[in-house]
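1. please find the sequence and the predicted model below.
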Amino acid sequence: MLQGYYDAIEARLFGSITLFVVILGWLISSAPARQMLRNHWWVRMLSLVALTSVLVMYGWNVRHWLRRWRGIRDDVAKIGYMEPKFYTRYERVPRGSWFLYFAPIFLLYLFSITVLLALDILIEGTC
């Protein structure tokens, strides 16, 4: 159970990184997308809101995961069904875990927002 739970948070991290990289690639490589975002301020604002919402939900998800992880780990220890040596890999989640899972997504978020806000400069430089 602990292994499955651990694998799930890793999959979320890589899935979120993939989402942001795809968005960035689309923004950087698609001239029509850049033009649409430049010409329609509401689309740009909607994009900013969507990216911010994804970031907030991801942060909440990691926080929730860490709380559940600690609860599951404590329950497994209380049961005493297995010797601790069999699950020492899952002994404790380090204190900085939330930051370590959140930081890569936050950096990609900042880069995405910078690209969205700098579209006018990017478009004028390429046209």
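-> Yep, it's here.

2. where does the protein have low pLDDT?
-> 1-2, 82, 84-93, 120-127 (pLDDT under 70).

3. hey, where'd the helices end up in the protein?
-> Using DSSP state H, the helices of the chain run over residues 2-29, 31-39, 41-79, 97-117, 119-126.

4. for the third one, name the packing helices and strands.
-> For helix 41-79, the contact count by 3 or more Cβ pairs under 8 Å, 6 or more residues apart in numbering; DSSP states H and E identifies helix 2-29, helix 31-39, helix 97-117 as packing neighbours. Where you see a C-beta, it was placed from the backbone N, CA and C, and this is true even at glycine.

5. I'd say R12 and W60 touch.
-> No. Applying Cβ atoms under 8 Å as the test, R12 and W60 come out as separate, 11.7 Å apart.

6. who has more neighbours out of these two?
-> For R12 versus W60, the count of surrounding residues by other Cβ atoms under 10 Å is larger for R12: 16 against 10.

7. next, the contact list for the more buried one, please.
-> Contacts for R12 (Cβ atoms under 8 Å, 6 or more residues apart in numbering) come out as Y58, N61, V62, W65.

8. of those, closest to W98?
-> For these, the minimum distance to W98 (Cβ to Cβ) is 5.7 Å, reached by V62.

9. what's the closest of the helices and strands packed on helix 41-79 to D74?
-> The nearest among the helices and strands packed on helix 41-79, by Cβ to Cβ, is helix 2-29 at 11.5 Å.

10. any idea of the angle that closest one forms with helix 97-117?
-> Here helix 2-29 points in a direction 10 degrees away from that of helix 97-117 (axes from the mean of the first three to the mean of the last three Cα atoms, to 10 degrees).

11. now do the buried residues in helix 2-29.
-> I9, R12, L13, S16, F20, I23, L27 (16 or more other Cβ atoms under 10 Å).

12. turn the residues you listed into JSON lines, including distance to P104.
-> JSON lines is the format used below for these (distance: Cβ to Cβ, whole Å):
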{"residue": "I9", "distance to P104": "13"}
{"residue": "R12", "distance to P104": "12"}
{"residue": "L13", "distance to P104": "7"}
{"residue": "S16", "distance to P104": "8"}
{"residue": "F20", "distance to P104": "9"}
{"residue": "I23", "distance to P104": "14"}
{"residue": "L27", "distance to P104": "18"}
